[in-house]
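In: when you get a sec, could you give me coordinates for this:
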Amino acid sequence: MPEQAQRRAPEAHPQDTPPDGQNPLEELRHLIVAPEQEGIQEIRERLDDVERRAEDVSSVVAEAIQMRRDQGDDAALAEALAPTIEATLRDSVRKNPHVLADALFPVMGPAIRKSITETLRSMLESFNEALEHSLSLQGLKWRVEALRTGKPFAEIVLMHSLLYRVEQVFLIHRATGLVLHHVVAPAVATQDPAMVAGMLSAIQEFVRDSFSAERTESLDSMEVGELRVWIEEGPDAVVAAVIRGHAPADYRVAMKEALEGIEQKFGGAMQKFEGDTGPFRAAENLLMPLLEAQFKQETGQKKKPWALISATAVVAVLLAVWIGYSTYLLIEWSHFLSALRGQPGIVVISHEKSGGQFHVRGFRDPLAEDPSKYLAQAGLNPEQVNFEMAPYYSVDDAIVLRRAKELLHPPAGVTLTEKAGVLEANGVAPPQWIASLRERAPWIAGVGSVDASHLQNADLVEFNQMKGAMETMMLLFPIGRPELEPGQGKAIAQAAQTGHDLVAQAAKLNGKVLVEIVGHTDITGVEGTNLSLSKQRADHVESMLMQAGIKSANLRVRGVGTSEPLANEETEEGRQRNRSVTFKVAFSPATPVN
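Out: Have a look, this model is predicted:
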């Protein structure tokens, strides 16, 4: 038996092999099994080879997708492919957005232009209608009605002035009830066209089923609030118009003619319709004329062009405002330039207006006023003015004076003035500042010379004040006596302190002071005795001043008797003043050493 032979074949021993090395059973087995094993091996290698497997699958992908679509399972196929397609598009846009932009360009451009055109047209129509009805007595009445009823003004205008308006037109596939095309009047709010078409088809079926109507019969009109829906049916298509108001009977003729044209042009496409509405976009040319509107016309008098009058008035007002504002800006700009040119340290070379900004070019001293300061005074916006001012040193008197004050820092008692390059200093100043003035002022830009003749040395002024105080002092003596009267201690102490101050101040002035002590007597007594007595009185005061620390080199005594009276002696008070010692102060600069 072959089966037994196959079981016994593996049990054969080497000594059973024929001498020539051939086994008939093995050869027979190879002849029978080898083709299948080779085929299986090739299939295994093909399955293990990724590239060959991908090549095999790629050759049938298109056919597989078409087969799945023919089976009516488009939803599952779309659901499976959607994530991959979305990810591919996302990556493509991120890497190179121009590819998708170039692909959409032929579609997006016309769509955007059409949308913008329709929006502008709707806006202009609404604006014209609002102007026409707002600026009239009737328009004011309608506004009152709108406030009273709470309705929008546009709705009141439409209610009173509209005879009828076709707001929407639907082209519906009769067999499926799907929307083939849909046109809408400007500024009309719409619902989903597919949903509206489905409702119309459902209503038609409801009427036929409820009233046992023939399939050829249909509902040709219905009312929904203020709207009416007129319906015209053809063999393959239905045209439905949504009308506000009362349309004339001849409008149905227009609907029939449009439907006939559509049936004639798109009849074949409708019979083969499977959900693709693209071929029916061209029907818009036949549907758009159905979007009619007719308004009430006033009778008895010619209608005034209120819209044109109002628009002209608005333009005139805007033009007047623009001219007035421009004139105001020019006047203020002129005032600003005049004020700027009048400022010291600022030179205006040119000015112009370009790019919506004023440009001012020139020169400005660092110490001059900031030009922006005068913009606010002129009522101009600082952001609209651009200054291009190069720095320079001005020789205007006001700027030179500012520069001198900035560099010299005059003390509180000094006033600086400048005119025609001459810097004049007035007041009292320390000697160090006076020396600095004479040294630094000629180097200041714009200063040609310095006039310090009216400038006083503060130390010398203080010395003269002390000198005056010393020379007004008077020490009194009793009759015939060289000693001071009782109670003169405070006066002699003050004289000593002032003497000390004079010596110190003279040293600051690099000079020497000499205090002359002058003794006086009244006219009583003998002249010779009075002269000696006046000398004794001066010597007594000198001694007291020396005891207070004043050196003798700074003191000198002199007795004048009655020769230099200080007062008239007709009274006792006058005689008392002549019995005294007074002081005279002399200052002498130090002699320079050669």
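
In: next, Val179: phi, psi?
Out: phi -80, psi 120 (degrees, to the nearest 10).

In: distance check, it against Pro589.
Out: Separation of Val179 from Pro589 (CB to CB, to the nearest Å): 120 Å. (Glycine included, C-beta is placed from N, CA and C.)

In: please apply the same query to Met199.
Out: Taking CB to CB, one finds Met199 at 123 Å from Pro589.

In: before we move on, the earlier item: okay, Val179 and Pro589: which has more neighbours?
Out: Neighbours per residue, other CB atoms under 10 Å: of Val179 and Pro589, the larger number sits with Val179, 21 against 10.

In: confidence score at the more buried one?
Out: Looking at Val179, its pLDDT is 84.

In: tell me what it is bridged to.
Out: Ile172 (DSSP bridges).

In: what about Ser92, which SS state?
Out: Secondary structure for Ser92, judged by DSSP: H, G, I helix; E, B strand; the rest coil, is helix.

In: what's the burial count for it?
Out: Residues within reach of Ser92, counting by other CB under 10 Å, total 12.

In: for the stretch 151-300 of the chain, what spans make up the strands?
Out: Counting by DSSP state E, counting those that start in this stretch, the stretch 151-300 of the chain has strands at residues 162-173, 179-184, 221-224, 227-233, 237-245, 293-295.

In: which one of these lies closest to Glu86?
Out: Evaluated over those, closeness to Glu86 peaks at strand 179-184, with 27.0 Å, by CB to CB.

In: contacts for that closest one?
Out: 167-173, 190, 193-194, 196-197, 237, 266, 270, 273, 277, 280-281, 283-284, 287-288, 290-291 (CB atoms under 8 Å, 6 or more residues apart in numbering).

In: with stretch 465-483 instead?
Out: 484-485, 488, 491-492, 494-495, 498-499, 501-502, 505, 515, 522, 524-525, 533, 536-537, 539-541, 566, 576-577, 579-585, 587.

In: among those, which lie within strands?
Out: Val515, Ser580, Val581, Thr582, Phe583, Lys584, Val585, Phe587 (DSSP state E).

In: the first one and Lys535, how far apart?
Out: To Lys535, Val515 is 16 Å away according to CB to CB.

In: give the rounded mean pLDDT of stretch 581-594.
Out: For stretch 581-594, mean pLDDT is 78.

In: same thing with stretch 209-217?
Out: On average, stretch 209-217 scores 63.

In: give the buried residues for stretch 183-195.
Out: Buried residues in stretch 183-195, defined by neighbour count with 16 or more other CB atoms under 10 Å: Val183, Val184, Ala185, Pro186, Pro193.

In: correction: stretch 451-470
Out: Neighbour count says stretch 451-470 has Leu455, Gln456, Asn457, Ala458, Asp459, Leu460, Phe463, Met466, Lys467, Ala469, Met470 buried, by 16+ other CB under 10 Å.

In: so which of the residues you listed sit within helices?
Out: The helices, defined by DSSP state H, take in Ala458, Asp459, Leu460, Phe463, Met466, Lys467, Ala469, Met470 from the buried residues of stretch 451-470.

In: of those, closest to Val314?
Out: Ala458 (76.1 Å).

In: the closest one and Ala452, how far apart?
Out: Relative to Ala452, and taking CB to CB, Ala458 is found at 13 Å.

In: how about Arg481?
Out: Taking CB to CB, one finds Arg481 at 52 Å from Ala452.

In: just confirm Ser334 is within a helix.
Out: Yes: counting by three-state DSSP, one finds Ser334 located in a helix.

In: burial measure for it, as a count.
Out: Neighbours of Ser334 (other CB under 10 Å): 11.

In: just Val169 next, same as before
Out: 25.

In: list the contacts of it.
Out: His182, Val183, Val239, Ala240, Ala241, Val242, Leu287, Leu290, Leu291.

In: one step back: can you say which of the contacts of stretch 465-483 are buried?
Out: Buried, going by 16+ other CB under 10 Å: 484, 488, 491-492, 495, 498-499, 501-502, 505, 515, 522, 533, 536-537, 539-541, 566, 576-577, 579-583, 585, 587, out of those.

In: what helix or strand is Leu475 on?
Out: strand 474-476 (DSSP states H and E).

In: partners of that strand in the sheet?
Out: Paired with strand 474-476 in the same sheet, following DSSP bridges, are strand 580-589 (antiparallel).

In: quick one, the partner strand and helix 458-471 angle?
Out: When axes from the mean of the first three to the mean of the last three CA atoms, to 10 degrees is applied, the directions of strand 580-589 and helix 458-471 differ by 160 degrees.

In: mind checking how far Val166 is from Glu223?
Out: As defined by CB to CB, Val166 lies at a distance of 15 Å from Glu223.

In: actually Glu233, not the one I wrote
Out: The separation that Glu233 has from Glu223, given CB to CB, amounts to 19 Å.

In: then Pro193?
Out: 20 Å.

In: what residues are up against Gly421?
Out: Gly421 touches Val395, Val400, Gly446, Val447, Gly448, Ser449, counting by CB under 8 Å, 6+ apart.

In: how much space between the closest residue to Asp236 other than its chain neighbours and Met195?
Out: Counting by CB to CB, 6 or more residues apart in numbering, Asp236 lies nearest to Met270, which is 3.8 Å off, once chain neighbours are set aside. Look at Met270 and Met195: by CB to CB, they are 21 Å apart.

In: do Asn96 as well
Out: 39 Å.

In: please apply the same query to Ala452.
Out: To Met195, Ala452 is 102 Å away according to CB to CB.

In: one more: Thr521?
Out: From Thr521 to Met195 the distance is 138 Å (CB to CB).

In: same thing with Gly561?
Out: 140 Å.

In: likewise for Phe477?
Out: In terms of CB to CB, Phe477 sits 134 Å off from Met195.

In: same deal with His181?
Out: Counting by CB to CB - His181 and Met195 are separated by 16 Å.

In: need the max-distance pair from the buried residues of stretch 183-195.
Out: Farthest pair in the buried residues of stretch 183-195, by CB to CB: Pro186 and Pro193, 16.6 Å.

In: any idea of the mean pLDDT in the helix or strand where Ile349 lies?
Out: Using DSSP H and E, Ile349 sits within strand 346-354. For strand 346-354, mean pLDDT rounds to 82.

In: now do the buried residues in it.
Out: Going by neighbour count (16+ other CB under 10 Å), the buried part of strand 346-354 is Ile346, Val347, Val348.

In: of all these, which comes closest to Val414?
Out: Ile346 (28.1 Å).
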